[in-house]
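> Model the structure of this input:
(8 chains, ligands or ions: 12)
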Protein chains: 8
Amino acid sequence: GFARLDLQRAARTGDPEVVFGTGKTPEQIVAALRALHHAHPDNAVLATRLSDEAIAHCRTELPDADVDEVARVAILGEPGTPRGRVAVVGAGTADLPVIRECAATVRVFGSEPDVIVDVGVAGLHRLLAQRDRIDTANVVVAVAGMEAALPSVLGGLVGAPLIAVPTSIGYGWHMEGLTAWLATINSCAPGVVTVNVDNGFGAGVAAARIARATA
Amino acid sequence: GFARLDLQRAARTGDPEVVFGTGKTPEQIVAALRALHHAHPDNAVLATRLSDEAIAHCRTELPDADVDEVARVAILGEPGTPRGRVAVVGAGTADLPVIRECAATVRVFGSEPDVIVDVGVAGLHRLLAQRDRIDTANVVVAVAGMEAALPSVLGGLVGAPLIAVPTSIGYGWHMEGLTAWLATINSCAPGVVTVNVDNGFGAGVAAARIARATA
Amino acid sequence: GFARLDLQRAARTGDPEVVFGTGKTPEQIVAALRALHHAHPDNAVLATRLSDEAIAHCRTELPDADVDEVARVAILGEPGTPRGRVAVVGAGTADLPVIRECAATVRVFGSEPDVIVDVGVAGLHRLLAQRDRIDTANVVVAVAGMEAALPSVLGGLVGAPLIAVPTSIGYGWHMEGLTAWLATINSCAPGVVTVNVDNGFGAGVAAARIARATA
Amino acid sequence: GFARLDLQRAARTGDPEVVFGTGKTPEQIVAALRALHHAHPDNAVLATRLSDEAIAHCRTELPDADVDEVARVAILGEPGTPRGRVAVVGAGTADLPVIRECAATVRVFGSEPDVIVDVGVAGLHRLLAQRDRIDTANVVVAVAGMEAALPSVLGGLVGAPLIAVPTSIGYGWHMEGLTAWLATINSCAPGVVTVNVDNGFGAGVAAARIARATA
Amino acid sequence: GFARLDLQRAARTGDPEVVFGTGKTPEQIVAALRALHHAHPDNAVLATRLSDEAIAHCRTELPDADVDEVARVAILGEPGTPRGRVAVVGAGTADLPVIRECAATVRVFGSEPDVIVDVGVAGLHRLLAQRDRIDTANVVVAVAGMEAALPSVLGGLVGAPLIAVPTSIGYGWHMEGLTAWLATINSCAPGVVTVNVDNGFGAGVAAARIARATA
Amino acid sequence: GFARLDLQRAARTGDPEVVFGTGKTPEQIVAALRALHHAHPDNAVLATRLSDEAIAHCRTELPDADVDEVARVAILGEPGTPRGRVAVVGAGTADLPVIRECAATVRVFGSEPDVIVDVGVAGLHRLLAQRDRIDTANVVVAVAGMEAALPSVLGGLVGAPLIAVPTSIGYGWHMEGLTAWLATINSCAPGVVTVNVDNGFGAGVAAARIARATA
Amino acid sequence: GFARLDLQRAARTGDPEVVFGTGKTPEQIVAALRALHHAHPDNAVLATRLSDEAIAHCRTELPDADVDEVARVAILGEPGTPRGRVAVVGAGTADLPVIRECAATVRVFGSEPDVIVDVGVAGLHRLLAQRDRIDTANVVVAVAGMEAALPSVLGGLVGAPLIAVPTSIGYGWHMEGLTAWLATINSCAPGVVTVNVDNGFGAGVAAARIARATA
Amino acid sequence: GFARLDLQRAARTGDPEVVFGTGKTPEQIVAALRALHHAHPDNAVLATRLSDEAIAHCRTELPDADVDEVARVAILGEPGTPRGRVAVVGAGTADLPVIRECAATVRVFGSEPDVIVDVGVAGLHRLLAQRDRIDTANVVVAVAGMEAALPSVLGGLVGAPLIAVPTSIGYGWHMEGLTAWLATINSCAPGVVTVNVDNGFGAGVAAARIARATA
Ligand SMILES: Nc1ncnc2c1ncn2[C@@H]1O[C@H](COP(=O)(O)O)[C@@H](O)[C@H]1O
Ligand SMILES: Nc1ncnc2c1ncn2[C@@H]1O[C@H](COP(=O)(O)O)[C@@H](O)[C@H]1O
Ligand SMILES: Nc1ncnc2c1ncn2[C@@H]1O[C@H](COP(=O)(O)O)[C@@H](O)[C@H]1O
Ligand SMILES: Nc1ncnc2c1ncn2[C@@H]1O[C@H](COP(=O)(O)O)[C@@H](O)[C@H]1O
Ligand SMILES: [Mg+2]
Ligand SMILES: [Mg+2]
Ligand SMILES: [Mg+2]
Ligand SMILES: [Mg+2]
Ligand SMILES: [Mg+2]
Ligand SMILES: [Mg+2]
Ligand SMILES: [Mg+2]
Ligand SMILES: [Mg+2]
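Ligands and ions are numbered 1, 2, ... in the order given. Down below sits the predicted model:
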């Protein structure tokens, strides 16, 4: 075979392996989802970063799968009752694919996402109007591109664990998201942790694990 | 005054402001610690990144403070009973200052640090011998320089929230820790979150908040 | 001579040449200030980026000069009646040298600086409490290091011309201010213009020219 | 909806929000322009960075809009009587899209653009022949790629506020405009402010705000 | 002609020149393979980095050639009896093209490749299960993308010469393999040598030369 | 018009302006060549960096022009009798487009190019076999990609002025020619001067000016 | 204790752990050498990257140790009879510390170093005069800074395994050895492997392992 | 010995080897100068980049040497009658050390330097006032830091061979001269060649070789 699936991962870490779609054929992705679902019938299993072809192939071959074209993910099996709530807060409209990859991952990894979009700091009132939902979440994920000021502003407002996701949205020289990434790791607010540019998946895994342990 | 201390921060986020020592005079640091302690008599307050002069000045002026020369921190006031436990796992001997900055912060922010040092991946048996302490922690912090392989190996072993701290330890071209940092955000293990190079403080804040909510 | 002073600059641009202290001896700096003062008896003339030695030499040799140790500048001659007001808003305590270099330059170039310090976005209420002074200024200069979120938040609040000054204040990997700089040129607020890292002088020149034309 | 338009921005800053076309569908762009126009019937509203599809869709759906294929912008509504004049000076032929994005923005934000093209420093006489138009402008915008020497030469000639726009025009290793950008922030002329690479929009906003306050 | 083939190279170094396919036409590649084969009838000769067109052309024009579509190589002539064995160990599924380029090169340069795939460090048991094959090889090649932790883990387990091949596989900001590359040259395991990103060929040449001298 | 041709440049510098094809339409390129030819009937005029469309348009509209598809240039008018000889020495086959852009420029700017290809340092004998042609040239241009060792080896052999042209040919991480470029400006041979990556044109201008002044 | 020495490493890999001196106190270095020597009485053990203080302390505390001030290393115990020979070839005088760190490591790891210095490519005859010693070595290590052309020239001359060590020697912008490093991984000669900048130690370990297996 | 001087270089290239002082002891520098002077009694020989100690040692040990503290060079022996003239034109006062290293090299390599300082483009009249000396030189060297606009302006004015020397003079983020260097290789003026940052020596060698061949 082309791969050695890590079928013991759930036993070690509590969660099954995930299929990273980049660089895999649609056939390989469907086969991997099936094998993981077979090994973990009581969990939902996830494939991310799906191409148009992979999305189409999943729809045809896995009619029971839940496929999200914006998030570019497919989910096979039932996630079970969520524990805890994760506020996924996004700065701009263009950050939506990352926000939804994060939300889907939160669901698969056992928690409940609460999505709040387009509340960037250039219009603070939009953010402040959502404080109730944010203040009561177990974990906050802040998704932002350009200069990524949102995580710092949130970090001064809430005491819950806060994960920043820098995105590659920008104009001119932003170095494919490096600007946002540097901003998040240099936040003046204490305790902000971060993941790679556009990595809604990674933030979702971490957020769900914290939220379900907390709730 | 030279500064506007954010005395409402504990009300908003649950934790008092912290004094970042870089670029401040010993006198300013002592004054800020006193003001914060006065405003928050029931918390411990923290100053980080202290120069030799600042350490000496804190020892003279604040005899009740707990000053750590390796971690370069001073703590004023009592942290209270810790909730939860944070395994702070370090790859090499030279990572010790970062490890201890992290451990001190975990304590000030209300949890209990459990420090495990010199368990880098070139001698895997050293790490595997500590699995019990790691498996039972509420949060794992992985501190590593050079190629920073430790967080990925840990990420495949445990399901607890995992925070990587890349350090600036290396030889030749490592770009003052960028190598370790890039490694942590590109980890093949899912859900690893990260902070800036050598930022033991940031990891400590995040870890304590998660651990005390979890326990 | 070691230099060709540009004595016609005031005729062309309205302002005399300025002495950039870096890489010049104390004697060269004093000589240049004297020559510029002699050529422009009705203006104040400015030297920036002064070393400790240059500051001492200016104090001895130019008793009439106004020397600022924090801003590292010396001013010879009278600035005249200021036109317009420039709000110089700083995020953190450590940004003070840049803030004061800017304020001194604003004064020499003919406008009035209004300095507001330590109002970073991790404690928004500190900034909002100063809105009156900021809203009524002719120009706003926003000085910020780390992730430099302040200019974006200000850019969403005011319609006056807004100049961001990224500073080299940070921790871990911030690339000597590149992080702040990238943030300012990728601001999500429209119309933010920027200068080089720590260049309070450049922002001061631009701000004063706008403010005095506006008022 | 997919977005939260900031309809109060004009009240806070004097100018309506602008639609940033990158990453939006043609339908989203047209909907946003309509909503902004409806909320601000007395202003012109602007969409920038339009794809070919978005340009075609604006032409069909918004017959009253003013669409510029070179600048890649659409304008809906009437800009009103301009105040002040902005000289938009460009070094090379290939900088034209940036120059026109800037000029269109100046118009929408309430001032009058005066465009002067192909006056790069390798043939100084071309620039010197236009000094009258440049000397009498309220603000000067200098658009230049490659080594971006133009802002420095202009900065030695005029005393008006001067905004540099580095462009991504170059050959060989120019790092997609970083060369020009570094040049502008290291200008030997005092008081040059700058925006991101190719950001004619940002320069236009700043220039118009200054020009209309000045005139 | 368009080229000066180095036909004396085998006399100087023991191995014929190799055709680097990038930037050559299919016709040039076939002509170069024929000329090298003619000059070295007792060796196999190799062409690498073949485009789809070059692969098709080799299949048509050189029916005796061994063409590998995944490795993007063509081999003309017989490699002869292999000396020594090279373990080519790969971390992930997506590293396969690099792994196979390396294996083909090992064969052409006179040794025997032993390919072991998908044994990344997030599931250590997969790697440990292959220790026999790895421990008995004359040389180990470790192929890994993302954070490239595999070479360090292997370097702590074996004493054979170990060559790391960083790959450009990653997500978000990995800088087209720079992350993996920096990791390999900063390995905490002693004696790891490395080649350029994705350079399976270079590793194969070095590995074969060592293996055949050792065996 | 879209451009201000610098028709006085020949009077100031001895050579007419050149048309840089990047970012211009085929129509603009033909128009510019015609205008330059009309202003300089006794010189040859040159257009570089032509797209396929521009090459086709030049062939149709300017039947007298000399068009080179590999070099991507068009020449209109007669170069006149060459003065001096320029050895254009190339390391690899893939450097040919840069070599020919250089050779064409040398001819237009009044000297005679002597092209020597595929003499890279991995087979030194190929280079040493051409020493006569190289030793007797007035100027040597060394074109090389990858690690660009050729200019240093040549710099130890000849005393003529030596211009290095780094090219973007490479594999894996070479940063689009930065590797070669850094190599050329760090040459251990004294007096090597360099131009931008792939800038055969710039090297040709400099070489011709030196050669014709020398001969 | 401050460290967990990996005393089983010799059993796994054939060679004892080595003390990396950077960031350790003289006392820690001496203690580690003693512990390693005690555990491996039949091997030589090595400490590298010693500060002046560490060198002095080793001389006082470990009179039997072999301390090299140029290489900055200390050796305790007897290396045993060497197997195979490693040619350590250096381009310039300033590369000497790296050359000697490499040579000392080769000796400790069981082979015989043969050092050849100052044979850079700007004077090829110096290198060609040493071909006999180079051609008969089991492994060749090429140490070079600046543009690091030496490994490529050697790579075209010999068929033995070839390890390049880029050094941080250079002038102007060489990026602390990055130039040399990029050159070595982009070598036009096949099969060149490389280590980090100035890493004579790493090259020595790899070279000795190959040489002793080969001889 | 520590070095293999290349005593045949003058026979091959016409000029003796030069001593690069960086990383050499004062004793090594004096010994090398003596050996070169002995081998080339009819030339002047040069040592560059001398430390304070090396300058003092040269003054004591080589009383006949010509030592320049600003240029950091020592010259032994007589340069002979110069051929041709090189205009060395500098933008700012702080560029003087580079300017004088260049001028000294021009003299040693057989031509006559003509130094023109502090004529940066922010005051164009200063440059235009020196046009006679510049127009009649055989070669022009343009030395400039910050944004390095001077070479482009000169490149539009003269037809002589033009060598740019970027310097590391700047403020804020200029990346130790990278800004100036990128500017010079992206010059909009044709035929500008360049050397490494601050490499007055390299420019001097090239300029002298061209000037003496031309005159
Ligand atoms: N969108 C994603 N971003 C980052 N990592 C991912 C993503 N999706 C899956 N992964 C990781 O990739 C691993 C599977 O990689 P592979 O064995 O190549 O299929 C999973 O276990 C996850 O750790
Ligand atoms: N061409 C442009 N370049 C940079 N920023 C822009 C541009 N066009 C619009 N913007 C900014 O982007 C904001 C809208 O972003 P969004 O909510 O994503 O549509 C506007 O209010 C402007 O501040
Ligand atoms: N602190 C500063 N930061 C940036 N540029 C400055 C500063 N002070 C002076 N300058 C500029 O440097 C010029 C003088 O440079 P110089 O001729 O080298 O003394 C002035 O005209 C200003 O344009
Ligand atoms: N200031 C300088 N900048 C750059 N290269 C230099 C300089 N001075 C000498 N060199 C070069 O360094 C070589 C000598 O290097 P070394 O053998 O290390 O003394 C000379 O032959 C020159 O090519
Ligand atoms: Mg929006
Ligand atoms: Mg250790
Ligand atoms: Mg503060
Ligand atoms: Mg033009
Ligand atoms: Mg896998
Ligand atoms: Mg070839
Ligand atoms: Mg030498
Ligand atoms: Mg000056």
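
> So which residues on chain A come close to chain D?
By Cβ under 8 Å from any Cβ of the partner chain, the part of chain A that sits against chain D consists of A:93-94, A:96, A:117-119, A:122-123, A:125-126, A:169, A:171-174. Glycine gets a C-beta too; all of them are placed from N, C-alpha and C.

> rerun that using 10 Å as the cut-off
Chain A comes close to chain D at residues A:92-97, A:116-120, A:122-127, A:129-130, A:145-146, A:169-175, A:179, as judged by Cβ under 10 Å from any Cβ of the partner chain.

> Buried by neighbour count, from these: which ones?
A:92-97, A:116-120, A:122-124, A:126-127, A:130, A:145-146, A:169-175, A:179 (16 or more other Cβ atoms under 10 Å in any protein chain shown).

> Does A:V158 belong to a helix, a strand or coil?
coil (DSSP: H, G, I helix; E, B strand; the rest coil).

> from memory it sits against A:R131, does it?
Yes: shown here, A:V158 and A:R131 form a contact pair, counting by Cβ atoms under 10 Å, at 8.6 Å.

> So for these two, which residue has more residues nearby?
Counting neighbours by other Cβ atoms under 10 Å in any protein chain shown for A:V158 and for A:R131 shows that A:V158 has the greater number, 21 against 12.

> Please list all residues in contact with that one.
Applying Cβ atoms under 10 Å, 6 or more residues apart in numbering or on different chains to A:V158 gives the contacts A:87, A:131, A:134-137, A:139-140, A:142, A:189, B:12-14.

> re earlier: which members of the buried ones among the residues of chain A next to chain D occur in strands, if any?
Using DSSP state E, the subset of those located in strands is A:I116.

> For stretch A:36-47, C-alpha coordinates in CSV please.
Backbone C-alpha positions of stretch A:36-47 (Å, rounded to 0.1, in the frame of the first residue of the first chain) are rendered in CSV as follows:
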residue,chain,number,x,y,z
LEU,A,36,-10.4,4.9,9.4
HIS,A,37,-14.2,4.7,9.7
HIS,A,38,-14.0,0.9,9.8
ALA,A,39,-11.4,1.0,12.6
HIS,A,40,-13.2,3.6,14.6
PRO,A,41,-17.0,3.0,14.1
ASP,A,42,-17.9,5.1,17.1
ASN,A,43,-16.0,8.2,16.1
ALA,A,44,-16.4,10.6,13.3
VAL,A,45,-13.4,10.6,11.0
LEU,A,46,-12.2,13.6,9.0
ALA,A,47,-10.4,14.5,5.7
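
> Show me what the nearest residue to A:V117 once chain neighbours are set aside is bridged to.
Nearest non-adjacent residue to A:V117, counting by Cβ to Cβ, 6 or more residues apart in numbering or on different chains: A:G90, 4.6 Å away. The residues listed as beta-bridge partners of A:G90 by DSSP bridges are A:V143.

> mind checking pLDDT for A:G90?
If you check A:G90, the pLDDT there is 96.

> hang on, isn't it packed against A:L150?
Yes: if you go by Cβ under 10 Å, A:G90 and A:L150 touch, sitting 8.2 Å apart.

> Now do the shared contacts for those two.
Residues within reach of A:G90 and of A:L150 at once, by Cβ under 10 Å, 6+ apart, are A:V119, A:G120, A:A142, A:V143, A:A144.

> which one among those gets closest to D:E27?
A:G120 (21.6 Å; Cβ to Cβ).

> can you give me phi and psi for the residue nearest to that closest one when sequence neighbours are not counted?
Leaving aside its sequence neighbours, A:G120 sits nearest to A:A91 (Cβ to Cβ, 6+ apart; 3.9 Å). Torsion angles at A:A91 (phi, psi; degrees, to the nearest 10) stand at phi -80, psi -40.

> got the contact list for A:A91?
Per Cβ under 10 Å, 6+ apart, neighbours of A:A91: A:99, A:117-122, A:126-127, A:142-151, A:153, A:167, A:169, A:180, C:188.

> Next, count neighbours for A:A31.
What A:A31 shows, counting by other Cβ under 10 Å, is a neighbour count of 18.

> can you check the one 10 residues further on too?
Look at A:P41: counted by other Cβ under 10 Å, it has 9 neighbours.

> If I look at the closest residue to it other than its chain neighbours, what pLDDT would I see?
With Cβ to Cβ, 6+ apart as the criterion, A:P41 has its nearest non-adjacent residue at 7.0 Å, and that residue is A:G77. Looking at A:G77, its pLDDT stands at 97.

> Verify the contact between A:G77 and A:A47 for me.
No: under the criterion of Cβ under 10 Å, A:G77 is not in contact with A:A47, lying 11.8 Å apart.

> Mutual contacts of the two, please.
A:L33, A:L36, A:A65.

> Next, format those as JSON lines and append neighbour count.
As requested, these are exported to JSON lines (neighbours: other Cβ atoms under 10 Å in any protein chain shown):
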{"residue": "A:L33", "neighbour count": "23"}
{"residue": "A:L36", "neighbour count": "25"}
{"residue": "A:A65", "neighbour count": "19"}
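
> how about these in JSON lines, adding pLDDT, secondary structure and distance to H:Q8?
Output for these, formatted as JSON lines (pLDDT from 0 to 100; DSSP: H, G, I helix; E, B strand; the rest coil; distance: Cβ to Cβ, whole Å):
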{"residue": "A:L33", "pLDDT": "98", "secondary structure": "helix", "distance to H:Q8": "70"}
{"residue": "A:L36", "pLDDT": "97", "secondary structure": "helix", "distance to H:Q8": "70"}
{"residue": "A:A65", "pLDDT": "98", "secondary structure": "coil", "distance to H:Q8": "75"}
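
> of all these, which comes closest to ligand 2?
A:A65 (31.6 Å; Cβ to the nearest ligand atom).

> hang on, that closest one packs against A:V45?
Yes: with contact defined as Cβ under 10 Å, A:A65 counts as touching A:V45 (9.5 Å).

> Identify the contacts common to those two.
In contact with both A:A65 and A:V45: A:L33, A:H37, A:A74, A:I75, A:L76, A:G77, using Cβ under 10 Å, 6+ apart.

> Out of those residues, name the ones that lie in strands.
Per DSSP E, these map to strands at A:A74, A:I75, A:L76.
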